[in-house]
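Undergrad: how does the following fold in three dimensions:
(one chain, ligands or ions: 1)
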Amino acid sequence: MAKSPKEDNNKQPPLPSPLRFSKFFQPNMRILITGGAGFIGSHLVDRLMENEKNEVIVADNYFTGSKDNIKHWIGHPRFELIRHDVTETLLVEVDRIYHLACPASPIYYKYNPVKTIKTNVIGTLNMLGLAKRVGARILLTSTSEVYGDPLVHPQPETYWGNVNPNGVRSCYDEGKRVAETLMFDYHRQHGIEIRVARIFNTYGPRMNIDDGRVVSNFIAQAIRGESLTVQSPGSQTRSFCYVSDLVDGLIRLMEGSDTGPINLGNPGEFTVLELAETVKELINPAVEIKTVDNTPDDPKQRKPDITKAKEVLGWEPKFALRDGLPLMEEDFRQRLGVPKAK
Ligand SMILES: O=c1ccn([C@@H]2O[C@H](COP(=O)(O)OP(=O)(O)O[C@H]3OC[C@@H](O)[C@H](O)[C@H]3O)[C@@H](O)[C@H]2O)c(=O)[nH]1
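TA: Predicted structure coming up:
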């Protein structure tokens, strides 16, 4: 017989194993990272695994993530890897949930938009359900895309954004906006401990070579000796944060006391054409820069206001773009098998 909703509400959370109360038990921090085989996720895994008190569980469906990114941890006694899609429920006893799972490159999130919005909405609901059930603190990686094509510049967290509700980017930006709503509703209604980060454009080693985002495209093109494809007009701006800075911000947010939302990004702002010129100068002065068509609803400007991150987390990025690009170049050269000419 089906249970009434009332009976379901009375369901008790599972009791922790009695071993946890044994005087010999060493309580580790058990941490779930959804999307932990992805670009940012795998760097977060590396940082969290450095702490011997942490046990890390990665759940990933490998749509854009890859086992390659975390293969150095497979077999480690404090590490577990689960092939799992967050649109399905997951039951694991953890203390922290870093909920990153979602394709983040526009070409990938637009490839199967229905799946993208399901990942953002159902995936976040599932992870909030898990957090509620096991009493875990949960951090959502939201995005600067919640500001849409912003009319306020730079963007503070108080800005509500300028988002097309039914455009080709909506599966991602509206999806993340709903995910934020769910986080705050679970917090207000059920007292769940939440943290919300709004991540701005991030780059670094392990980005997919064919990720489609601008920094990875330009670096791969420069190494291969192909023209750099600046999507018109080229005057649109972005602010690029090196991945280790970003990961540092995520951990500070998780372990701090502020729910967020908090912008995490590097306020150094560049036009896409300036980025192309910098990549050309640093990596391959012989390549051409060509202008190609853009895609609909591309934001014309983007730069984080990080006043809140500085005040609340004591965080600000350390890597300037010119410091981070060579580190990413080295990784791309290794994976493409094209060493730097002496
Ligand atoms: O080859 C390219 C690729 C991209 N671009 C341009 O570069 C700019 C940045 O594009 P990207 O695809 O790297 O990333 P976007 O800023 O559009 O979206 C990103 O925003 C923040 C994150 O949440 C996500 O990772 C992603 O959605 C855009 O103006 C785009 O038109 C090029 O000029 N050439």
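Undergrad: interface residues of this structure facing the ligand?
TA: 104, 106, 143-145, 199, 201, 213-214, 217, 229-231, 236, 238, 272, 294, 298 (Cβ under 6 Å from any ligand atom). In this view, the C-beta of every residue, glycine as well, is placed from N, C-alpha and C.
Undergrad: just the buried residues of those residues.
TA: Burial by neighbour count, judged by 16 or more other Cβ atoms under 10 Å, picks out 104, 106, 143-145, 199, 201, 213-214, 217, 229-230, 236, 238, 272 from those.
Undergrad: for the stretch 1-150 of the chain, which residue gets nearest to the ligand?
TA: Residue of the stretch 1-150 of the chain nearest the ligand, by Cβ to the nearest ligand atom: residue 143 (3.4 Å).
Undergrad: buried stuff in whichever strand or helix holds residue 30?
TA: Assessed by DSSP states H and E, residue 30 sits inside strand 29-34. Applying a neighbour-count criterion of 16+ other Cβ under 10 Å, one finds 30-34 buried in strand 29-34.
Undergrad: that strand pairs with which strands?
TA: strand 54-60 (parallel), strand 96-99 (parallel) (DSSP bridges).
Undergrad: so what touches that strand?
TA: Contacting residues not belonging to strand 29-34 are listed as 41, 44-45, 48, 51, 53-60, 84, 86, 90, 92-101, 123, 127, 130, 136 [Cβ atoms under 8 Å, 6 or more residues apart in numbering].
Undergrad: can I have the buried ones of the residues you listed as a PyMOL selection?
TA: Here is the PyMOL command that selects the buried residues among the contacts of strand 29-34 (16+ other Cβ under 10 Å):
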select buried, resi 41+44+45+48+54+55+56+57+58+59+60+84+86+90+93+94+95+96+97+98+99+100+101+123+127+130+136
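Undergrad: break down the stretch 101-250 of the chain into its strands, ranges please.
TA: Ranges of strands within the stretch 101-250 of the chain are 137-143, 194-199, 202-203, 228-231, 237-239, 241-242, based on DSSP state E, counting those that start in this stretch.
Undergrad: now those as CSV including distance to residue 180 and mean pLDDT?
TA: Formatted as CSV, these follow (distance: least, Cβ to Cβ, whole Å; pLDDT from 0 to 100):
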stretch, distance to residue 180, mean pLDDT
strand 137-143, 5, 98
strand 194-199, 6, 98
strand 202-203, 18, 98
strand 228-231, 28, 98
strand 237-239, 20, 98
strand 241-242, 20, 98
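Undergrad: got JSON lines for the ones you listed, with distance to residue 18 too?
TA: JSON lines is the format used below for these (distance: least, Cβ to Cβ, whole Å):
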{"stretch": "strand 137-143", "distance to residue 18": "23"}
{"stretch": "strand 194-199", "distance to residue 18": "30"}
{"stretch": "strand 202-203", "distance to residue 18": "43"}
{"stretch": "strand 228-231", "distance to residue 18": "59"}
{"stretch": "strand 237-239", "distance to residue 18": "50"}
{"stretch": "strand 241-242", "distance to residue 18": "44"}
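Undergrad: what's the angle from the strand holding residue 30 to strand 137-143?
TA: Between the axes of strand 29-34 and strand 137-143, defined by axes from the mean of the first three to the mean of the last three Cα atoms, to 10 degrees, the angle is 30 degrees.
Undergrad: could you give the mean pLDDT of strand 29-34?
TA: Strand 29-34 shows an average pLDDT of 97 in the prediction.
Undergrad: show me the shaky parts of the stretch 51-200 of the chain.
TA: By pLDDT under 70, the stretch 51-200 of the chain contains no weakly predicted segment.
Undergrad: for it, just list every one of the helices.
TA: Listed in chain order, the helices of the stretch 51-200 of the chain (DSSP state H, counting those that start in this stretch) span 106-109, 113-134, 170-190.
Undergrad: so which of these gets nearest residue 319?
TA: Among those, the nearest to residue 319 by Cβ to Cβ is helix 106-109 (23.6 Å).
Undergrad: who touches the closest one?
TA: By Cβ under 8 Å, 6+ apart, the residues outside helix 106-109 that reach it are 63-64, 102-103, 116, 169, 171-172, 211-213, 295.
Undergrad: send me the strand or helix carrying residue 325 as PDB with only the CA atoms.
TA: In this assignment (DSSP H and E), residue 325 forms part of helix 321-336. C-alpha atoms of helix 321-336 as PDB (Å, rounded to 0.1, in the frame of the first residue of the first chain):
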ATOM      1  CA  LEU A 321      46.200  36.000 -16.700                       C
ATOM      2  CA  ARG A 322      49.800  36.100 -17.900                       C
ATOM      3  CA  ASP A 323      50.900  33.800 -15.000                       C
ATOM      4  CA  GLY A 324      48.200  31.300 -15.600                       C
ATOM      5  CA  LEU A 325      48.200  30.900 -19.400                       C
ATOM      6  CA  PRO A 326      51.700  29.400 -19.500                       C
ATOM      7  CA  LEU A 327      50.700  26.700 -16.900                       C
ATOM      8  CA  MET A 328      47.800  25.800 -19.100                       C
ATOM      9  CA  GLU A 329      49.900  25.900 -22.200                       C
ATOM     10  CA  GLU A 330      52.300  23.300 -20.600                       C
ATOM     11  CA  ASP A 331      49.400  20.900 -19.900                       C
ATOM     12  CA  PHE A 332      47.900  21.300 -23.300                       C
ATOM     13  CA  ARG A 333      51.300  20.800 -25.000                       C
ATOM     14  CA  GLN A 334      51.800  17.600 -23.100                       C
ATOM     15  CA  ARG A 335      48.300  16.200 -24.000                       C
ATOM     16  CA  LEU A 336      48.600  17.300 -27.600                       C
END
